[in-house]
Each structure stands twice: as C-alpha cells, then as structure tokens.
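Peer 1: Give me coordinates for this.
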Amino acid sequence: MPSRRYTVVLTDRTSGVVRQFTISAKPVLAVACAALTLPVLVGAGAAWKGRNDVASVFSSYKALQAENTSYRQATESLAGQISSLQAAVLDLGAQSALDPTLAHAMDRLPALVKARAMGGGDTAATPKSEEAYVRALTALTGPDDTFGLLRTLLEGLESRLITVRGFVEKRNALAAATPSIWPANGWLTSTMGTRQDPVPGAADFHAGLDIAAEQGQPVYATAAGTVTLAEYHNAYGNFIVLDHGFGLQTRYGHLSAFGVSKGQTVQRGDIIGRVGATGKATGPHLHYEVLANGRLVNPLELLTQQRPRDR
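Peer 2: Here you go, the predicted model:
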C-alpha cells in the first residue's frame with residue numbers, strides 16, 4: 001500500500017511568496033514516535049543506572065558494615081588482651097616484691113639448691129624472633145595485617161609473662177623455704193666449726209649453732225616446711241626436723257617440749273617447740289642446724305634478723 005503524502009503550504013503575507021512542501025506520512029510518524037520514545041528510553045536508562053548505582057552502594061555499605069564489625073571485634077579482642085596484660089603486669093609487680101635481706105639470704109644458698117628451685121628456661125626473646133617481627137612490620141599491607149601482627153605480639157607477650165610469673169612463683173617458693181630468721185631469742189654460745197666439746201672436753205666438730213635461753217622459751221620455724229621428725233634422740237634430746245623442699249632441711253635439738261607433730265605443715269615464725277636441756281646438754285639451750293642437699297650449711301650465712309646477744 002503506497003504511503004500517504006501530505007503537502008504543507010507556507011505563504012509570506014508581505015511578499016506573497018508561497019512555498020510548498022510534500023511530506024511522506026511514514027517519516028513524520030517515525031520522527032514523532034522517536035520524539036515520544038526517546039524521553040522514555042532516557043528515563044528508563046537513568047532509572048536502570050540509578051538502580052545499579054544504589055545496589056552497588058548498598059553492596060559497598062554491607063561490605064563496610066561487615067569489615068567494621070570485624071575490626072570492632074578485633075579491637076575488642078586486642079583491648080581484652082591489653083587489659084589482661086596490664087593485670088598480669090600488676091600481679092607480677094605485687095608478687096615480685098621481696099625483702100632485700102631475704103633476697104640476700106637466698107643468694108647465699110648453694111648453687112645446686114637454687115638450680116633445683118628455679119629450673120631452666122630463657123624468658124628473653126631470641127634475636128631471630130625479633131627479626132621476624134621487624135620483617136612482618138615491613139610487610140604490612142592493610143588493617144587486617146596490622147591487627148594480626150598486634151594480636152601475635154600480644155599473645156607472645158602473654159606467653160612470656162606466664163613464663164616470668166612461673167619464675168617469680170618459683171623464686172617466692174624458694175624465699176619461703178630459705179631458713180632466714182633466728183630460731184630462738186637468747187645468747188649465741190657456740191657457732192659452727194671445730195670447738196672443745198663441753199661434755200667430754202675433747203675437740204670435736206660442732207654442726208650448728210647453740211643459742212642459750214631460759215627454759216621454756218619458744219623455738220621458731222626458720223622457714224616454711226613440713227615436720228618430718230618430732231621425737232627423742234639420744235644426743236639431741238627432744239628433736240625436730242623440718243623439710244623445706246629444694247633439698248633444704250633444718251634441725252632443732254634439746255627441746256623441753258614439742259609444739260608440732262610429724263607431718264604437720266608450718267610457716268616461717270611458727271612456734272614448733274620450747275627451749276630445754278634434754279639429751280646431751282649442760283644447760284637450757286637450742287641446738288640449730290641447716291642442711292642443703294644433705295650437707296651442712298653455716299646458719300649464720302642465712303640469718304637476716306638481728307643476732308642474739310653474745311654471752
């Protein structure tokens with residue numbers, strides 16, 4: 001079917017010139033449809049782009065939310081570790097306080113006793129581990145790496161603090177077991193070493209200290225320990241032996257009475273008996289010995305309190 005054609009007549013009223021244009025219907029309709037359709041297509045395209053943009057922003061928002069949640073959890077975890085470290089440091093500060101005189105007495109203990117108490121182990125970081133941390137710092141590429149490294153560092157510090165706490169606890173246990181106070185108040189009448197025996201009168205080796213005191217005066221445990229013996233002995237009379245652990249042992253002789261029994265646990269300063277003159281003795285006094293790994297130690301090297309009065 002042939003396309004319809006239309007003639008458009010334009011007349012200039014001033015000059016009277018007449019112009020005619022013949023237009024086919026199909027191009028006109030095509031132009032009109034295009035004019036009507038174009039805004040719709042532009043609007044649809046803009047709506048589609050806007051929807052995609054909104055979806056992209058929403059997706060980024062969700063990703064940021066997840067990332068922020070992850071960072072918040074990591075931050076809370078790090079804050080908890082830091083609080084734990086602070087508490088551990090304060091606890092170590094309280095535990096590590098040691099009386100200087102007691103520390104001095106511990107220093108005078110035989111090396112084998114200190115080695116048995118403290119054990120081995122190195123609490124310092126090795127150069128290799130420090131170099132590894134430096135390399136890790138230079139390789140950081142983002143917050144995740146930073147959080148990971150910080151967490152690793154904090155875990156390493158916690159591990160080292162646990163090791164140091166174990167060291168402090170061992171040291172404190174050795175401090176409690178160190179015989180460091182005078183076992184009785186009185187007069188120091190005999191020290192450890194060669195002397196003239198007061199009973200037979202011949203020269204012999206005196207294994208400890210003799211402290212003269214009035215009958216019935218208290219005798220004190222010089223360190224924390226367990227009573228391993230509380231009975232009569234021919235030479236020592238009423239005799240008490242305390243085991244302090246780490247190979248340390250103290251002995252108390254010539255007692256007039258027992259204040260403890262075998263198997264009992266005592267602390268430094270507890271009364272364990274009374275001064276007497278039982279066994280091989282010429283008068284009321286306390287005979288006191290210290291042994292480390294079965295070998296005699298001069299008690300005077302470990303005593304921290306003011307010495308008794310010399311007669």
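
Peer 1: For the residue lying closest to A224 once chain neighbours are set aside, which residues are in contact?
Peer 2: The spatial neighbour of A224 that comes closest, neighbours along the chain excluded (C-beta to C-beta, 6 or more residues apart in numbering), is A176 at 4.3 Å. In this view, the C-beta of every residue, glycine as well, is placed from N, C-alpha and C. Neighbouring residues of A176 by C-beta atoms under 8 Å, 6 or more residues apart in numbering: A223, A224, Q267, R268.

Peer 1: from memory the last one sits against A223, does it?
Peer 2: Yes - R268 lies in contact with A223 (C-beta atoms under 8 Å); the separation is 5.1 Å.

Peer 1: quick one: common contacting residues for the two?
Peer 2: Here R268 and A223 have A176, S180, I181 as joint contacts, going by C-beta under 8 Å, 6+ apart.

Peer 1: Which strands and helices lie in contact with the one helix or strand A55 maps to?
Peer 2: A55 is part of helix 25-96 when elements are defined by DSSP states H and E. Contact partners of helix 25-96 among helices and strands, from 3 or more C-beta pairs under 8 Å, 6 or more residues apart in numbering; DSSP states H and E: strand 5-11, helix 143-177.

Peer 1: So in that sheet, which strands flank the next helix or strand along the chain from the last one, and in what orientation?
Peer 2: Okay, so that is helix 143-177. Downstream of helix 143-177, the next assigned helix or strand under DSSP H and E is strand 187-190. With DSSP bridges as the test, strand 187-190 is paired with strand 209-212 (antiparallel), strand 309-310 (parallel).

Peer 1: tell me which residues of strand 187-190 are tucked away?
Peer 2: With burial defined by 16 or more other C-beta atoms under 10 Å, the residues of strand 187-190 counted as buried are L188, T189, S190.

Peer 1: and G16, how far is that from R5?
Peer 2: 26 Å (C-beta to C-beta, to the nearest Å).

Peer 1: One more: A221?
Peer 2: 130 Å.

Peer 1: Of those two, give the one with the bigger neighbour count.
Peer 2: For A221 versus R5, neighbours defined as other C-beta atoms under 10 Å are more numerous around A221 (26 against 10).
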